[in-house]
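[1] Sequence first, then the predicted structure:
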Amino acid sequence: MPKKKAFALRLDENMMKAIEKWAADEFRSTNGQLEWIIRESLKKAGRIPKGDSNHSDT
């Protein structure tokens, strides 16, 4: 499993509520949902090599 790095993230209250609801709808933690959103965006933008085993789907 890849090493994780913690950092502070400030989000608009409404955005955070929307992410929390989305996470609950998909049975993920809020943190897990944020990781999934970022990972999907990176894949879509071609920023993660397709065979990178350190970035598996959740």
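    All right, it came through fine.

[2] Tell me where this protein has helices.
    Assigned by DSSP state H, the chain shows helices spanning 13-25, 30-44.

[3] Which of those helices has the highest mean neighbour count?
    Sort the helices of the chain by mean neighbour count, taking mean count of other C-beta atoms under 10 Å, and helix 30-44 sits at the top with a mean of 14. Just so you know, the C-beta spots here come from the backbone N, C-alpha and C atoms, and that holds for glycine as well.

[4] how distant is it from the center of its chain?
    Remark: helix 30-44 is offset 3 Å from the chain centroid, using C-alpha atoms, centre = their mean, to the nearest Å.

[5] That helix packs against which elements?
    In terms of contacts (3 or more C-beta pairs under 8 Å, 6 or more residues apart in numbering; DSSP states H and E), helix 30-44 is packed against helix 13-25.

[6] The helix it packs on - contacts with which helices or strands?
    When contacts are defined as 3+ C-beta pairs under 8 Å, 6+ apart, helix 13-25 packs onto helix 30-44.

[7] any idea of the mean pLDDT for the helix it packs on?
    Model confidence over helix 30-44, given as mean pLDDT, is 95.

[8] any idea how far Lys43 is from Thr30?
    21 Å (C-beta to C-beta, to the nearest Å).

[9] how about stretch 36-49 as PDB, C-alpha atoms only?
    Output in PDB follows, covering the C-alpha atoms of stretch 36-49 (Å, rounded to 0.1, in the frame of the first residue of the first chain):
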ATOM      1  CA  TRP A  36     -11.600   8.600  -5.400                       C
ATOM      2  CA  ILE A  37     -12.600  12.000  -6.900                       C
ATOM      3  CA  ILE A  38      -9.000  13.100  -7.200                       C
ATOM      4  CA  ARG A  39      -7.800   9.700  -8.500                       C
ATOM      5  CA  GLU A  40     -10.600   9.700 -11.200                       C
ATOM      6  CA  SER A  41      -9.700  13.300 -12.200                       C
ATOM      7  CA  LEU A  42      -6.000  12.400 -12.500                       C
ATOM      8  CA  LYS A  43      -6.800   9.300 -14.600                       C
ATOM      9  CA  LYS A  44      -9.100  11.400 -16.900                       C
ATOM     10  CA  ALA A  45      -6.400  14.000 -17.300                       C
ATOM     11  CA  GLY A  46      -3.800  11.300 -18.100                       C
ATOM     12  CA  ARG A  47      -1.700  12.100 -15.100                       C
ATOM     13  CA  ILE A  48      -1.600   8.600 -13.700                       C
ATOM     14  CA  PRO A  49      -0.100   5.800 -15.800                       C
END
